[in-house]
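Novice: okay, predicted coordinates and the sequence, questions at the end:
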Amino acid sequence: MYCCIPRTLGLKATTTDVIEEAGLLWDPPTGDINSSSRAGLTAICHNQRVLRSWEKVCKVRAGRTYFNGELILEVFWQAMSASHHPGGYWETRSQFHQWDWDQGIFHVFRWLGLFSLGRFSEMLILAVVILRILHNLLLCGLVSPVGHFRRAVTPAIHRRVFWTEKGFVGLGPSFMQPNDTVGVFHGGRLPLVLRPRGREWKLIGDAYVHGFMQGEVFNEAIDKTF
């Protein structure tokens with residue numbers, strides 16, 4: 001079962017899948033993004049590029065249904081948050097949908113190409129951000145559901161959303177790439193991402209895979225040694 005090779009661990013998988021597509025790395029700009037409109041614009045543009053990449057990978061707006069019967073949009077927010085629900089599932093779900101609605105204006109900006117108009121973009125986005133803040137204050141008071149959801153997705157920082165060959169959605173490590181293998185192994189419930197390297201496998205990191213975490217796919221268990 002195990003090979004006596006230095007710095008090598010033998011594992012047996014209960015289920016595996018291959019990563020078909022991975023989105024951009026969410027690596028938020030460091031520093032105070034509120035220090036200038038340009039810094040804020042840089043952060044917003046970066047976040048929007050990442051979000052657009054993740055939505056494309058997961059085909060979020062296609063209205064498709066996941067293997068467990070959930071709509072892909074519902075799966076998407078749970079993957080982004082790694083099923084981290086600070087206020088409970090239903091409250092976090094409500095926060096996501098308010099956050100998603102809040103992103104609508106930026107979807108329009110992307111479609112119109114308004115993120116690449118220099119100073120005009122800065123002034124326009126600054127005006128929109130101010131209006132959003134005022135709107136949220138009037139609607140929700142000082143405690144914003146949108147802000148709560150942003151905190152719920154902190155597990156996604158320095159990670160990528162991915163799609164597998166079998167149609168699973170997940171959140172993986174920064175260095176993962178297409179054709180890596182993700183699996184659950186005997187003795188653990190946390191999926192791991194591995195990369196073939198000759199006759200061995202390199203551990204890339206851990207992952208969240210929606211539908212793997214609670215043993216939903218164990219009825220398809222395999223017996224594969226790594």
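Specialist: It's in.

Novice: contact partners for residue 106?
Specialist: Taking CB atoms under 8 Å, 6 or more residues apart in numbering as the criterion, residue 106 is in contact with 44, 48. Where you see a C-beta, it was placed from the backbone N, CA and C, and this is true even at glycine.

Novice: residue 48 - how many residues pack around it?
Specialist: Other residues within reach of residue 48 by the criterion other CB atoms under 10 Å amount to 16.

Novice: what is the helix or strand hosting residue 56 packed up against?
Specialist: When secondary structure is defined by DSSP states H and E, residue 56 falls within helix 37-58. Here helix 37-58 touches helix 72-80, helix 104-112, helix 119-140, strand 159-164, going by 3 or more CB pairs under 8 Å, 6 or more residues apart in numbering; DSSP states H and E.

Novice: would you single out the least confident of the ones you listed?
Specialist: Among those, helix 119-140 has the lowest mean pLDDT, at a mean of 59.

Novice: quick check: phi and psi on residue 89?
Specialist: Listed backbone geometry of residue 89 is phi -60, psi -50, with angles given as degrees, to the nearest 10.

Novice: what pLDDT does it get?
Specialist: pLDDT for residue 89: 90.

Novice: do I have it right that residue 62 meets residue 71?
Specialist: No: with contacts counted by CB atoms under 8 Å, residue 62 stays clear of residue 71, the gap being 10.0 Å.

Novice: got any ranges where this structure has weak pLDDT?
Specialist: Of all residues in the chain, those with pLDDT under 70 make up the ranges 1-9, 11, 13-14, 29-41, 107-148, 213-226.
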